[in-house]
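Enquirer: Kindly return the folded structure for what I paste below:
(2 chains)
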Amino acid sequence: MSTAPANRAPVARLTGIGLRYGAVRALTGVDLELPAGQLLGLIGPDGVGKSSLLALIAGARAVQTGRIEVLGGDMADARHRRRVCPRIAYMPQGLGKNLYPTLSIFENLDFFGSLFGHGRAARAARIRELTAATGLAPFIDRPAGKLSGGMKQKLGLCCALIHDPDLLILDEPTTGVDPLSRRQFWELIAGIRAARPGMSVLVATAYMEEAARFDWLVAMDAGAVLATGTPQALLERTASDSLEEAFIALLPETRRRGHQAVVIPPRPGDGDVAIEAQDLSMKFGDFVAVDQVSFRIQRGEIFGFIGSNGCGKTTTMKMLTGLLPPSAGQARLFGQTVDPRDLDTRRRVGYMSQAFSLYTELTVRQNLALHARLFALPEASIPGRVREMAERFDLAGVMDTLPNALPLGVRQRLSLAVALIHGPELLILDEPTSGVDPIARDGFWRALVELSRRDGVTIFISTHFMNEAERCDRIALMHAGRVLATAAPAALVAERGADTLENAFVGYLEAAAGAAETAGPAAPPLLAAGTARRGKSAGIQRWLNPRRLLSYSRRETLELTRDPIRLTLALLGSLILMLVMGYGITLDVEDLTFAVLDRDQTTASRDYALNLSGSRYFAERPPIRDYAELDRRMRAGELGLAVEIPPGFGRDVARGRPVAIAAWIDGAMPTRAETIQGYVQGIHAQWLATRMAQSPTGAAAEPMRIEVRFRYNPDVKSLVAMVPAMLPLLLMLIPAMLAALAVVREKELGSIVNLYVTPVSRLEFLLGKQLPYVALAMINFALLWLLAVTLFRVPMTGSLPTLAFAALLYVTAATAVGLLISTFVRSQIAAIFGTAVLSIQPTVQFSGMIDPVSSLVGPGALIGRIYPATHFLTITRGTFSKALGLADLYPSFVPLLLAIPLLIGLGVLLTRKQER
Amino acid sequence: MRTNNILNLGIKELRSLARDPVMLVLIVYAFTFWTYTAATVMPETLNRAPIAIVDEDGSPLSTRIIGAFYPPHFLPPALISQPQMDAGMDAGNYVFALDIPPDFQRDMLAGRSPVIQLNVDATRMSQAFAGSGYVQTMVSAEVAEFLAHHRADPRPTVALELRARFNPELNKSWFGGVMEVINNITMLSIVLTGAALIREREHGTVEHLLVMPVTPFEIMSAKVWAMALVVLLAATFALTVVVQGWLGVPIEGSIVLFLAGAALHLFATTSMGILLGTIARSMPQFGLLMILVLLPLQLLSGGVTPRESMPELVQIAMLAAPTTQFVMLAQAILYRGAGLSVVWPQLVAIAVIGTTLFSLALLRFRRTIATMA
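Expert: Numbers count the residues shown, from 1 in each chain, chains lettered A, B, ... in the order given. Coordinates of the predicted model:
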């Protein structure tokens, strides 16, 4: 192992580092000393533990085993982490993963700046400097999500540099970025390093060409360190010409076995044209994704498509497969225009899309068989064909395994086998080797060469690996929707007079872009302004800093206003639910259908029926003639009530003989039946009383009377009773859900890492997230109140200020409940259903909405007494219906006031400042 | 169109579902325990209702009235003074407060027809209306029995013999159990198809399918039949084993006819699931959309409260919802034993709604795929 220049203390020292995710071992026994003030590279294919190691050094992930010292302190110590976090900048993997896609460049930078405690003026000046230095200034108002890969990476770098770190950690900063942007990126880094020689830069990369220019390298494989040293030392040690070869040579013997270099035999003569694109264009709204692309690919050719992410490669390929109809121009396959409805052309084409897009729930065998069937291979030939593909692509041993359990290289071979199952003449492969290690990539290419040269299959492949591009018969260089050049790789290099294909590509890009987008290296002001600012921001290590808190609030609000579905739910969700519930759960039933089977047909019997139809509760239907009809109409659900008046009813009543009227109620819906029962009994009693008063004999005086006073709601209207009870439910459900989503979204999308690596405290994070939702919930409260008093005509008898104050306390508690829930769910979908269940259940059952809390027993009674909804319900009912004010209701405010600090405190305790 | 493709893709859907433990647990739980609990916890109208009595009489009769209220319908009465009554009702501690005036017993025996005041907290709708009738009946009964020792008073009456058909004891679990099965059919079919489509989009497998000789119609039909089949089987189990067996609810009509209706309904709801899946861009958006769509569909379908209680406009608009038609059909068949001659209009309506939803979904499906790049 070669040693680092020992002029300074190492920037980081790792001893015996191990890390596992569940049963998977990500890192084992890593011992490293990283020299300070250098450009350090971490090299190795995807999934070897590079990212885990960087996250550990950055303090974003908690140390499991071993010890990490960074900038002179133990990273397991929270106090040290808090102290050094303003000196470390961490840019996680994935294009712009810690950025906020709906926010503009300026808004993103402004957010990070305020997290590090910079004032408004200082932030604006700093943002000007950084964007000018990186060439982002002309695009400062463009949302981060709409930037090209290269620009995203520059923005990520700006965000990392905003606080002048001493240790800059970059995790695959240039993956998927075009060569020119990549080159500019490294020039930028070189400029910054020249201005601040003390800064250490630690970079993970999969591009070996890049790594060759670093000061010092760590080669990793399978969670362990293979070797360390300068690039030169590694080449010498392995006697290799390139780092890629050196890396393969460093791998253990078992991994290297079976590896051979890819040899491409020359292609025999020209064939006819397999693919032809003519002025192919694609527009999405104003955005031109593909701009007049033309090329021809001959049968049996390997044709490469080279370019950065988002340059239009995938869109062009989709147009050629018929997935996307082009906006203009023509695509032809085998001489025929591509027609999305023509299923026969599809049988001649095999397609492998960018991401692994096989069914992960089906085994390897099932995937192969399904695709064979969908391509309508004769059923009898399918097992043979599946076996053939399995042998050819070395899948025989894993036929009954699920794809997710396979290494990436094997999954890639499976994808290829699936794309070839029907023996297509043309293969379209969209970045098939992204993220695959060099050995597996070479294996994949040997299969492609064999297909092209032996079977005459035309291959159209896109890639951003230059050494793969060099293997193609011809390549097209693509940038910003346009093809810059098409020729054999060697011809392109010769034409630009460059030494490598990469340099040739950069030459074409520079020629195309002109001087407009090219920016020089970082300007010196970066340094001068930096040191001063550090001194200022060091003093703000408090646990509650209003600026950091409000910067989270501001960002959350901006994001919310740019997400239509969430915004609709936030503003109108409660209103819609209130309307639905108001109309859906009311118990005031009117116009119930009834019909009479009148077997008496006298004045008295008609009088009885009239008594029913005269009531506003009942609507009369044509009379019933016999029992059969009664049965039929009740079964059909036409009648809610059927009344039979017996023969001789009028006569018997007149003579004072006992007589019985029979009535049948439709009992299918018991609540409705109970209501009908109540109405009929009431009307019957009224009819009796009227008759008695009219009877000549006169009625005996009642022994006593019961006077019923329906208090607070004299007309006994459902809505008047229910609307105040709905407020606690509605102001809990949606505010809690949105607050929970706000936090869990960051976990799922990856921007939570900003909580881990910036000085923001957990309390600031949670309160900052909560604030906008409290404001939204208060808007909701105002809307609900308006709806209640206008459309639903619920009288407001008590004090509105009292109600509004209670609502403010309540929604603060409700959003705090959401934040608390967010601490133990991981996915957004779980947050949605989790909050729904956890907020509806106790609110409906234990808060006194249905049964008063005083009726509850056991744990329900305890929950009922401490749950905020209970107390808010007392206040809503008191202020709406009972004409009460603060003086009467203050006992219910105390529990609400206590609940808020308690819930938020619990949320802070359970929120993690590091990933585990 | 090839039926073979629809069959093969459908089998793929079933295999995918078989490997999704969360969805499987949800299906099993929804159609067993969830259905059982929903049926049995339907609240009784009067359950330990809190009542207070202001006894200003202190006579044997008033004591007798106080003794008439006990659990499970009522909590033991709280004996309080008049000022306490107002405060207690304001605080929501009592739903009922009975005020027995001074000299109540003496006045009554003297034929002076005294007045008992019953205060009801009418903000508690579910208890106020039915409960006040119940309290009145109980007080009257106590008074009548007390009086029976003092005088006999035969009075002729016109009796009203009320009977409830289809559910003679108005047992709420009969209603709750079946309705829960119906609600679960709707919810699960939407969740399963919508989630399956979004998962395919997130994994990029939809576009993979579309470059093969498979049409959007075939992809959609496959999802519809596979998910509908799963839900239908689960619903059959729930209806026969959980509702008829475990809960002991008698079912009057033909279960076969009901399942045929359910199959048609599933065609409509699975299509709706696909439609929502094309509108939502991700699982979380799908979840939020579900809340805004599913709640109105279920609450306003007539499966929770009677349709008669809704404003006319809502009633008419909700006829376009598959759930409303299906609830009408299910209630007719399962409770009232109605046959095809009665429910055919609902069957036709569901078929029309289903075809419309399916066509809409197909249209959007094609379009969203085109703009996915």
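Enquirer: all contacts plus neighbour counts: C-alpha atoms, from now on.
Expert: Noted.
Enquirer: in chain A, which segments are predicted with low confidence?
Expert: Low-confidence segments of chain A, defined by pLDDT under 70: A:1-8, A:257-258, A:269-270, A:309, A:354-356, A:435, A:514-542, A:586-587, A:692-702.
Enquirer: Chain A contacts on the stretch 1-150 of chain B?
Expert: Listed as neighbours of chain A in the stretch 1-150 of chain B under the rule CA under 8 Å from any CA of the partner chain: B:5, B:8-9, B:12, B:15-16, B:19, B:47-50, B:75, B:90-93, B:108-109, B:111-126, B:128-130, B:132, B:136.
Enquirer: Okay, and which of those map to helices?
Expert: Of the positions in the residues of the stretch 1-150 of chain B next to chain A, B:5, B:8-9, B:12, B:15-16, B:90, B:108-109, B:125-126, B:128-130, B:132, B:136 sit in helices, assigned by DSSP state H.
Enquirer: what's the farthest-apart pair in these?
Expert: B:Asn5 and B:Leu109 (87.2 Å; CA to CA).
Enquirer: Who has more neighbours out of the two?
Expert: The neighbour count for B:Asn5 versus B:Leu109, taken as other CA atoms under 10 Å in any protein chain shown, is higher for B:Asn5 (22 against 15).
Enquirer: wouldn't the more buried one be in contact with B:Glu218 here?
Expert: Yes - if you go by CA atoms under 8 Å, B:Asn5 and B:Glu218 touch, sitting 6.7 Å apart.
Enquirer: and the nearest residue to B:Arg201 once chain neighbours are set aside, what helix or strand is that in?
Expert: For B:Arg201, ignoring the flanking residues on the chain, the nearest one in space by CA to CA, 6 or more residues apart in numbering or on different chains is B:Glu207 at 7.7 Å. Assigned by DSSP states H and E, B:Glu207 belongs to helix B:205-210.
Enquirer: what's around B:Leu210, how many residues?
Expert: Count around B:Leu210 with other CA under 10 Å applied: 19.
Enquirer: picking that back up, for the buried ones among the residues of the stretch 1-150 of chain B next to chain A, write the corresponding ChimeraX selection.
Expert: With 16 or more other CA atoms under 10 Å in any protein chain shown as the criterion, this ChimeraX line picks the buried residues out of those:
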select /B:5,8,9,12,15,47,48,49,50,75,90,91,92,93,108,113,114,115,116,117,118,119,120,121,122,123,124,125,126,128,129,132,136
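Enquirer: What are the buried residues along the helix holding B:Glu207?
Expert: For helix B:205-210, by 16+ other CA under 10 Å, it's B:Thr205, B:Val206, B:Glu207, B:His208, B:Leu209, B:Leu210.
Enquirer: ok, now stretch A:660-676?
Expert: A:660, A:662-676.
Enquirer: Do any residues in that stretch lie close to chain B?
Expert: Yes - residues of stretch A:660-676 contacting chain B under CA under 8 Å from any CA: A:660-674.
Enquirer: So which of these belong to helices?
Expert: Under the assignment DSSP H, the residues of stretch A:660-676 next to chain B contribute A:Pro670, A:Thr671, A:Arg672, A:Ala673, A:Glu674 to helices.
Enquirer: Tell me the one of these nearest chain B?
Expert: Chain B has its nearest neighbour among those in A:Pro670, at 5.0 Å by CA to the nearest CA.
Enquirer: Quickly note the distance from the nearest residue to the closest one once chain neighbours are set aside to B:Tyr335.
Expert: Closest residue in space to A:Pro670, ignoring its immediate chain neighbours: B:Leu170 at 5.0 Å, by CA to CA, 6+ apart. B:Leu170 sits 12 Å away from B:Tyr335 when distances are taken as CA to CA, to the nearest Å.
Enquirer: got it, and A:Ala469?
Expert: For A:Ala469, the distance to B:Tyr335 equals 71 Å [CA to CA].
Enquirer: Same check on A:Arg299?
Expert: On the measure of CA to CA, A:Arg299 and B:Tyr335 end up 69 Å apart.
Enquirer: Looking at the two, which one has more neighbours?
Expert: B:Tyr335 (25 against 20).
Enquirer: residues touching the more buried one, list them.
Expert: A:Ala668, B:Phe166, B:Asn167, B:Ile251, B:Glu252, B:Gly253 (CA atoms under 8 Å, 6 or more residues apart in numbering or on different chains).
Enquirer: By neighbour count, which of those residues wins?
Expert: Most neighbours among the contacts of B:Tyr335, by other CA under 10 Å: A:Ala668, with 26 neighbours.
Enquirer: In contact with it, which residues?
Expert: With CA under 8 Å, 6+ apart, A:Ala668 has these contacts: B:Arg165, B:Phe166, B:Asn167, B:Phe175, B:Gln331, B:Tyr335, B:Arg336.
Enquirer: Excluding chain neighbours, give the residue nearest to the fifth one in space.
Expert: In other words, B:Gln331. Closest to B:Gln331 by CA to CA, 6+ apart is A:Ala668, at 6.9 Å.
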